[in-house]
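Q: pasting the structure only:
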DNA sequence: CGCTAAAAGCAAATTCTTTGCGTTTGCAGG
DNA sequence: CCTGCAAACGCAAAGAATTTGCTTTTAGCG
């Protein structure tokens, strides 16, 4: 844990500007249609000049992707249900629900639309972390638990693919996916 | 088959303009960096005024998504290898390769970035069609073959998820995915 | 052959984006 | 504490893209 998200030094002016711009962007996204949000608007809301944002982020997509990645970072440890299977099921259901909400879909799109694969990878990394935490607890209890990549392929990928390209899956389908993940490791 | 892709009447001026704009967009995308392509540029290349494009597509993303969806439409029937498993494997490997290319990734991103879920759904529909064609041939031979949604969940979703969020899968991993799809239907 | 509605052209007005230059800010060395 | 330095910001002008009102063209139809 030696790197910052996107700002140079922790307490400087740079960090303050970034914080206020992020907050302004989040506020505006909550308040108005995503298509109406522009850099000049965000700049005004944040109390900075547009050129500051242009120089730092380049374009709206990059900024929104930055904001989205930050919001996508898990803020808590997966709930503990007593078994690895239960933990994974609970996590997957919540993940599916969050990501299929309007805001969730918009955040995913923003992250994917940005240049370079850094944002998406970070999101995938967050998911891996969460699953790893669950897997570790399961291992500590001596349970069998699927490999992380198995969970990504069998649970996370279908959830996300359906949200992006088709129809979001209901909770029962998510449960089925979790079962198939476990059936691959027994 | 009663609807057109995006143009009103088949032979009118509208259709000609759409065709030339699509072609211009494709040409420019092939010739220069995607970030450099703008609507005024495409308009000039297509020999129309920018306002025509703005009125019809609204913004660059919509136009590029339109173009990408068209390019994503499969132009041939899946190759026949003698077995459903072989057909699916061949199709999946080719799909994975096409989609993980620079152009493929850009097209997916363009499709996902557009407003409304129409583009992504159409892409998913194309995939379904291809898989259905393979499944039908398998059924005609009396083979067992996984349900289309199983193939989507176990084969297509992981391929696409990895391309978008992580690292593209190699051919051997794709083969493994195909195996798991068949293991679910035996 | 004219009529009509939809779509394209044109051009002015608006808004967004880029850029050069001067100023501020926080850090570091003296 | 003070001063120098580099990074980042503000400001404003220039440049590019987007929107819009109005006119003209075009394809289809009676």
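A: Structure's in. What do you need? Bear in mind that the values here come from a model prediction, so they are computed numbers and not experimental data.
Q: Quick one: low-confidence residue ranges for chain A.
A: Screening chain A residue by residue with the criterion pLDDT under 70, one finds the ranges A:1-10, A:186.
Q: secondary structure class for whichever residue of it sits closest to DNA strand C?
A: Across chain A, no residue is closer to DNA strand C than residue A:51, which sits at 3.2 Å (C-beta to the nearest atom of the strand). In this view, the C-beta of every residue, glycine as well, is placed from N, C-alpha and C. The three-state label given to residue A:51 by DSSP: H, G, I helix; E, B strand; the rest coil is helix.
Q: What is the neighbour count of it?
A: Residues within reach of residue A:51, counting by other C-beta atoms under 10 Å in any protein chain shown, total 10.
Q: residue boundaries of the strands in chain A?
A: Counting by DSSP state E, one finds no strands in chain A.
Q: So for it, the centremost residue is which one?
A: Central residue of chain A (C-alpha atoms, centre = their mean): residue A:72, 2.8 Å from the mean position.
Q: so that residue touches residue A:123, yeah?
A: Yes - using C-beta atoms under 8 Å, residue A:72 is in contact with residue A:123, at 5.3 Å.
Q: Mutual contacts of those two, please.
A: residue A:111 (C-beta atoms under 8 Å, 6 or more residues apart in numbering or on different chains).
Q: any idea how far residue A:40 is from the closest residue in space to residue A:17 that isn't next to it in sequence?
A: Nearest non-adjacent residue to residue A:17, counting by C-beta to C-beta, 6 or more residues apart in numbering or on different chains: residue A:48, 5.9 Å away. From residue A:48 across to residue A:40, the span is 11 Å (C-beta to C-beta, to the nearest Å).
Q: Name the residue in those two with the higher neighbour count.
A: Using other C-beta under 10 Å, the more surrounded residue of residue A:48 and residue A:40 is residue A:48, with 18 against 11.
Q: residue contacts, the more buried one?
A: Residue A:48 sits next to A:17, A:20-21 when contact means C-beta under 8 Å, 6+ apart.
Q: Among those, which one sits closest to DNA strand D?
A: residue A:17 (3.4 Å).
Q: my guess is the closest one contacts residue A:55, does it?
A: No - with contact defined as C-beta under 8 Å, residue A:17 and residue A:55 do not form a contacting pair (10.8 Å).
Q: okay but residue A:105 is in contact with residue A:162, surely?
A: No - with contact defined as C-beta under 8 Å, residue A:105 does not count as touching residue A:162 (11.3 Å).
Q: Show me which of those two is the more surrounded one.
A: Remark: of residue A:105 and residue A:162, residue A:162 carries more neighbours, 22 against 16, as counted by other C-beta under 10 Å.
Q: gap between that one and chain B?
A: 7 Å (C-beta to the nearest C-beta, to the nearest Å).
Q: For that residue, which non-adjacent residue is spatially closest?
A: residue A:169 (5.1 Å).
Q: now swap in residue A:171 and tell me
A: Using C-beta to C-beta, 6+ apart, the closest residue to residue A:171 is residue A:93 (5.2 Å).
Q: For the helix ranked longest in chain A, name the packing helices and strands.
A: As assigned by DSSP state H, the longest helix anywhere in chain A is helix A:118-140. Contacts defined by 3 or more C-beta pairs under 8 Å, 6 or more residues apart in numbering or on different chains; DSSP states H and E place helix A:118-140 against helix A:60-72, helix A:84-100, helix A:102-113, helix A:148-151, helix B:157-165.
Q: interface residues of chain A facing DNA strand D?
A: A:8, A:13-14, A:17-18, A:47-49, A:51-52, A:55-56 (C-beta under 7 Å from any atom of the strand).
Q: would TSV of those residues with distance to residue A:65 be doable?
A: Listed next are those as TSV, based on distance: C-beta to C-beta, whole Å:
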residue	distance to residue A:65
A:8	19
A:13	23
A:14	19
A:17	18
A:18	14
A:47	22
A:48	19
A:49	21
A:51	20
A:52	18
A:55	17
A:56	13
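Q: Out of the residues you listed, who's the most crowded?
A: residue A:18 (23 neighbours).
Q: what's the spacing between it and residue B:161?
A: 30 Å.
Q: what does residue A:121 give?
A: 12 Å.
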